[in-house]
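Asks: just coords:
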């Protein structure tokens, strides 16, 4: 399991058998998405990239949109979701 997925699961008490819902649309999530790209953290802040304050669960459709034409919109939505947790 990747470190960011492990951190997300731990923060919300999920395990590998948990059904996790997309935090944007409510469909079944299949990806844990980094809101700010990992490359933005550099080597000195590498641990921060996988912090739960930079992660959201997304379904495939929302994850595709987050990396496509709607990148800015989805980043703002994800930041709002994280701030309300």
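Replies: Yep, that arrived. Every value quoted in this text rests on a predicted model; they were computed, and no experiment measured them. Numbers count the residues shown, from 1 in each chain.

Asks: and for the top helix by length along the chain, what's in contact with it?
Replies: Longest among the helix segments of the chain by residue count, using DSSP state H, is helix 71-84. For helix 71-84, the surrounding residues in contact (C-beta atoms under 8 Å, 6 or more residues apart in numbering) are 23-24, 33, 35-36, 53-54, 56, 62, 65-66. (C-beta placed from N, C-alpha, C; glycine too.)

Asks: from the chain's centroid, how far away is it?
Replies: 10 Å (C-alpha atoms, centre = their mean, to the nearest Å).

Asks: now render the contacts of helix 71-84 as TSV, adding neighbour count.
Replies: What follows is those, written out as TSV (neighbours: other C-beta atoms under 10 Å):
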residue	neighbour count
23	20
24	21
33	22
35	18
36	15
53	12
54	22
56	25
62	25
65	18
66	22
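
Asks: just the residues you listed: which has the poorest pLDDT?
Replies: Comparing pLDDT over the contacts of helix 71-84, the lowest score belongs to residue 36 (88).

Asks: strands along this protein, start to end?
Replies: Residue ranges of the strands in the chain, as given by DSSP state E, are 31-34, 55-58.

Asks: all helices of this protein, in order?
Replies: With DSSP H as the criterion, the chain has helices at 3-11, 46-49, 60-66, 71-84.

Asks: the residue lying farthest from the centre of the chain and residue 63, how far apart?
Replies: In the chain, the greatest distance from the average C-alpha position (C-alpha atoms, centre = their mean) is reached by residue 44, at 21.1 Å. As for residue 44, its distance to residue 63 is 28 Å (criterion: C-beta to C-beta, to the nearest Å).
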